[in-house]
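**Q** after the sequence you'll find the predicted model.
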Amino acid sequence: MYLDRDYKPKRRRRGLFERFWPILLLIVVGIIFYETRPVWLAPRQILPTPTPTLSSVSVQVAAQAAMKTGDYARAMDAFREVTEVQPNNIDAWVTLSRLEMLDLNIAAAKEAALQALALDPKNADALTALARAEDWLGDFDAALNHALDALEVDAENAETLAVLAEIYTDVGNFEIASDYIGQALAIDPQNVLAHRSRAYLRERRSDYDGALEAIAEAITLDPYRWDLYMEKGRYYRVGKLDYPNAIAAYRQAVDVHSSPVTLDALGDTLFNSGDYLQAVRVLRDAVEMDPNYGPAVVHLGMALYYRRNYEDAVINLEKGINLVGNSVREEYLYTAGLAHVYKEPQDCAAAEPWLRKALELNPASEPALNGLSLCSAQQNRNAIP
């Protein structure tokens, strides 16, 4: 077929509506859409985005992770935060009580356990935490009652059985203590507190080799429990008079958790081993951490005295004696007096009260008697015209 490439069809004329109907349609649709627009198209006021905060759950998870790595200071701060945000969280109060016990804040441990019990008087873990704090405070009757209450609630609680063993060890009933330890380990062979209680029982029985064996098992189970290294150090120092191994154990405690308590244990053991220079250095670190931790302050004073720094010894001994209160020992008192006798200038007026306090504890205290004799001789010399 022939195709005419030049052919052009004639255009048909259109009316006004036919020309502009698409535009009219868009206008109508636009009006309908505006009147029925969805909510998400409505203008909204722009508000500032609040700063995101960690939930108490995430804080608790972080705290538990810190405990597993031995960061007890961070864990304690975190659990305190959890108890502030969630005051009805029993588990947080119980864990906080246990952490306070580790840091030797016994009164705070008791208070945290009481907070947990206020939420649930029948909570076995809370009763156990309270019992252990009371035991360490010397309230053995209350400790025993609360531990037995916990056992009535949960007879298979290894932690409760371990605490009962500790209480019975403290009151000298070793057979019952041994039985509770056996029960605890039968239920949970990996319960750290049960192994620790077994080590403590053996220590009280003067079986220091057995105590070291038991504490080694506990450390294997939880190498970040610094209190276990403290126990190990004491067994070597007190039980076996083995200062090198005791110092090594206390250094491990410091490595895991550097605190006034661990540094003081290390410093005092260095002092008793005769290394007065290192003792002063370590004890200064302890006192810098907590200037009101009495044992470290008084031990620093003792080490300074043996370094013949009598002026600084006096300052620390007098402050430390006041801080330790009823735990004061005879040697602290007569050393404070002798420091006044030997320092320049000599001050027998300040020395004599300390020397006489030492004699109140031990009327036959030879260092105290010698100090008074030195002061008497000096007074006689001063009286000679």
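**A** All right, it came through fine. Predicted model only: the values in this text are computed from it and were never measured.

**Q** the strand or helix carrying residue 73: which residues count as buried?
**A** Counting by DSSP states H and E, the element that carries residue 73 is helix 72-85. Residues of helix 72-85 classed as buried under the neighbour-count rule (16 or more other Cβ atoms under 10 Å) are 72, 75-76, 78-83, 85. Just so you know, the C-beta spots here come from the backbone N, C-alpha and C atoms, and that holds for glycine as well.

**Q** cool, and stretch 250-263?
**A** Of the residues in stretch 250-263, those buried under the neighbour-count criterion (16+ other Cβ under 10 Å) are 250-254, 256-263.

**Q** export the residues you listed as JSON lines, with columns for distance to residue 201 and pLDDT.
**A** Below are these laid out as JSON lines (distance: Cβ to Cβ, whole Å; pLDDT from 0 to 100):
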{"residue": "250", "distance to residue 201": "22", "pLDDT": "98"}
{"residue": "251", "distance to residue 201": "26", "pLDDT": "98"}
{"residue": "252", "distance to residue 201": "23", "pLDDT": "97"}
{"residue": "253", "distance to residue 201": "21", "pLDDT": "96"}
{"residue": "254", "distance to residue 201": "27", "pLDDT": "96"}
{"residue": "256", "distance to residue 201": "24", "pLDDT": "91"}
{"residue": "257", "distance to residue 201": "25", "pLDDT": "90"}
{"residue": "258", "distance to residue 201": "29", "pLDDT": "92"}
{"residue": "259", "distance to residue 201": "26", "pLDDT": "92"}
{"residue": "260", "distance to residue 201": "28", "pLDDT": "94"}
{"residue": "261", "distance to residue 201": "23", "pLDDT": "94"}
{"residue": "262", "distance to residue 201": "24", "pLDDT": "96"}
{"residue": "263", "distance to residue 201": "28", "pLDDT": "97"}
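
**Q** in helices only, show me these.
**A** Among the buried residues of stretch 250-263, DSSP state H puts 250-254, 256, 260-263 in helices.

**Q** which one of the residues you listed is nearest residue 220?
**A** Looking at these and their distance to residue 220, the nearest is residue 252, at 13.2 Å (Cβ to Cβ).

**Q** I figured the closest one was touching residue 230, is that so?
**A** No - counting by Cβ atoms under 8 Å, residue 252 sits too far from residue 230 to count as a contact (9.3 Å).

**Q** who touches residue 211 in this structure?
**A** By Cβ atoms under 8 Å, 6 or more residues apart in numbering, the contact list for residue 211 reads 199-200, 202-203, 231, 235, 239.

**Q** adding secondary structure, distance to residue 169 and pLDDT, write these out as CSV.
**A** Rendered in CSV, the data for the contacts of residue 211 read as follows (DSSP: H, G, I helix; E, B strand; the rest coil; distance: Cβ to Cβ, whole Å; pLDDT from 0 to 100):
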residue, secondary structure, distance to residue 169, pLDDT
199, helix, 10, 97
200, helix, 6, 97
202, helix, 10, 97
203, helix, 9, 97
231, helix, 13, 96
235, helix, 15, 97
239, helix, 15, 95
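
**Q** low-scoring stretches of the stretch 101-250 of the chain, by residue?
**A** Across the stretch 101-250 of the chain, nothing is flagged by pLDDT under 70.

**Q** residue 208 and residue 241 touch, don't they?
**A** No - contact criterion Cβ under 8 Å: residue 208 and residue 241 do not qualify, at 10.0 Å.
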